[in-house]
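# need coordinates for the below:
(one chain, ligands or ions: 1)
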Amino acid sequence: MLEVVELSKHYKNKKAVKGVNLYLEKGETVGLLGPNGAGKSTTISMISSLIVPTSGDVRIMNESILKKPEKIRNILGVVPQDIALYMDLTAKENLEFFGRIHRISKKELHGKVDEILEIIGLTDRKNDVVKTFSGGMKRRLNIGVALLHEPKLIIMDEPTVGIDPQSRNYILETVKRLNKEKNITVLYTSHYMEEVEYLCDRIYIMDHGEIIAAGTKEEIKNILSAEQSIGIKVDILKGEYLQLLESLPNIKNISVQDPAITLIVPKKVNILKDIFKLAEETNTSVTSVHIETPSLEDVFLHLTGRQLRD
Ligand SMILES: Nc1ncnc2c1ncn2[C@@H]1O[C@H](COP(=O)(O)OP(=O)(O)OP(=O)(O)O)[C@@H](O)[C@H]1O
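I've put the predicted structure just below:
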């Protein structure tokens, strides 16, 4: 369905994307994860033929976007990070307006608009102007616009940023339904690991303009299969305790979500004794310790050195 080959974008002082390769099979939902500035939006903009690559190619259904951009725009639906709607028009008028841009006939558009309003759950608000909508409702309408021309592939650039949990769940369910019922292929970028875990068959992790890991959730978690994740909760987190933990041998990663600490250490290492000994030395009260296999978030931290939402 989609094939990205050695795609690069170099600006004057910055190599934003450096030889990215990725593919999506028909009907797959694939996640693209990366910290801020990793190059996700630049990659998506090149796939959407909004910016011209410095080198490389993007093929959608075996056609190069560089050679046939118009044809590809009919196959592709893009949900941009920023809301692109007319605030003084109603939900229905926005869909009609964008439908005309896609040259959908008036007759066809009539039924289509009602169908999309139903999909995005805005039928009862169709005659209200968009400026009265919550952030989540605007995002849902933004998705509706991208669905008007019945794309076979949809690219979503962080579609749940800054919205209430209810709208977020609605969007996730909608993406799942579109994929299952209409067999739409989805490329989904997000700052929320749990969304990608819930939605995606496969994941690409990007950092500094490059793909640094790719595979199914299980395959990616296996990157740290020889490690264990130890979550420690304390009453009051002291810098001194943290420093002593950091100085222990075998610590692969340490992250802090005050008053919790997560350590990544090799499976064969027994570190529990040290955790309690150092707590005693620094008068720290440990309230709980959990040992788990590493999560995707842990793998991400291990690979990029950053938390996804830094
Ligand atoms: N037009 C431009 N000129 C110069 N540098 C740019 C331009 N666009 C992006 N960059 C740089 O390229 C890098 C990748 O940016 P990009 O927006 O693709 O990252 P991102 O992964 O989408 O980040 P975010 O999660 O914050 O949206 C950044 O360092 C950014 O500053």
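
# would you map the helices across the stretch 1-150 of the chain?
Secondary structure of the stretch 1-150 of the chain by DSSP state H, counting those that start in this stretch: the helices cover 40-47, 69-75, 91-101, 106-119, 135-147.

# weakest of those in terms of mean pLDDT?
With a mean of 81, helix 69-75 has the lowest mean pLDDT of these.

# neighbouring contacts of that helix?
With Cβ atoms under 8 Å, 6 or more residues apart in numbering as the test, helix 69-75 has contacts from 49, 60, 61, 63, 65, 149, 151, 152, 153. Quick note: C-beta positions are derived from backbone N, CA and C, even for glycine.

# same question for stretch 114-128.
Counting by Cβ under 8 Å, 6+ apart, 90-92, 95, 133, 137, 140-141, 143-144, 147-148, 170, 174, 177-178 sit against stretch 114-128.

# ok, now how distant is residue 214 from residue 281?
According to Cβ to Cβ, to the nearest Å, residue 214 and residue 281 sit 43 Å apart.

# counting neighbours, go ahead and name the busier of these two.
A count of neighbours by other Cβ atoms under 10 Å puts residue 214 above the other of residue 214 and residue 281, at 17 against 11.

# how about the nearest residue to the more buried one, chain neighbours excluded?
residue 204 (4.8 Å; Cβ to Cβ, 6 or more residues apart in numbering).

# run a quick neighbour tally on the one you found.
The local packing of residue 204 (other Cβ under 10 Å) involves 26 other residues.

# which residues touch residue 172?
Contacts of residue 172 by Cβ under 8 Å, 6+ apart are 160, 195, 198, 199.

# go again using 10 Å as the cut-off
Taking Cβ atoms under 10 Å, 6 or more residues apart in numbering, we find residue 172 in contact with 159, 160, 188, 190, 192, 194, 195, 198, 199.

# can you list phi and psi of it for me?
Dihedral pair for residue 172: phi -60, psi -40, per degrees, to the nearest 10.

# touching the ligand at all, stretch 207-223?
No. Stretch 207-223 stays clear of the ligand (Cβ under 6 Å from any ligand atom), getting no nearer than 6.7 Å.
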